[in-house]
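Trainee: Structure, please.
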Amino acid sequence: TELFKGVAVTATSTQDVLSVAAGAAIAIKGSGLSGSAVINIFDETTQAYIGADTLIVSYKDVRVLAYCCTELLGFSGAVAYCGKAGIGSAADIGLITKLTEARIDSTAKVSADLNVQVRVQSFEDVISVAATLGFSKKVAVAVSALICIVDSTTRARLGGEVTASGSVLVQANDDADFLM
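Mentor: Numbers count the residues shown, from 1 in each chain. Model prediction:
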């Protein structure tokens, strides 16, 4: 946290999810099927903005800041041990759709004696694990699948009439890390 004087419009969103699924099948003489699946679906919108036809006059700074962080940790596993046939399957599926935006709308009027900042930061951190074991005296099958689809839009926009005695900063950052 920092000491701030002026006008600040902020939006913050954080998702921190742990998903675990496990399956097991045991049959001494027969066949067995085991499966597990983790499915995570996110549809996130995080927006900070100065709207249309708004007038802001600040004797200090004006800041419009949006921040969104999505952390997903998924584990899926299955074990099958059977006499005739052991079949195991596991899947870890993640679908992430995000809009993270900071903006000053086109008909807004913003005046600052110091600085104007329009900044946005978005993070996606995904760790996904799917593991399967199949054991049998005759037929053993093990199948694992990892699917992660991310559609992330991160934008900072400056519209309208903006004046500042200092600087004007418009900045958008998106950082994504995947371990699968």
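Trainee: low-confidence ranges in this protein?
Mentor: The model of the chain has pLDDT under 70 over residues 1.
Trainee: Would you check that Ser106 makes contact with Gly160?
Mentor: Yes - between Ser106 and Gly160 there is a contact at 5.4 Å, judged by CB atoms under 8 Å. For every residue, glycine as well, the C-beta is placed using N, CA and C.
Trainee: Of the two, give the one with the bigger neighbour count.
Mentor: More crowded of Ser106 and Gly160, by other CB atoms under 10 Å: Gly160, with 19 against 12.
Trainee: The closest residue to that one other than its chain neighbours: neighbour count?
Mentor: Leaving aside its sequence neighbours, Gly160 sits nearest to Ala108 (CB to CB, 6 or more residues apart in numbering; 3.8 Å). Summarising burial for Ala108: neighbours were counted as other CB under 10 Å, giving 20.
Trainee: Also Gln47?
Mentor: Neighbour tally, Gln47, other CB under 10 Å: 16.
Trainee: what helix or strand is it on?
Mentor: strand 31-50 (DSSP states H and E).
Trainee: now Asp175
Mentor: Here Asp175 is assigned to strand 168-179, by DSSP H and E.
Trainee: Show me what the strand or helix carrying Val64 is packed against.
Mentor: Following DSSP H and E, one finds Val64 within strand 61-82. If you count contacts as 3 or more CB pairs under 8 Å, 6 or more residues apart in numbering; DSSP states H and E, strand 61-82 packs onto strand 6-27, strand 31-50, strand 85-104, strand 109-112, strand 116-136, strand 139-158.
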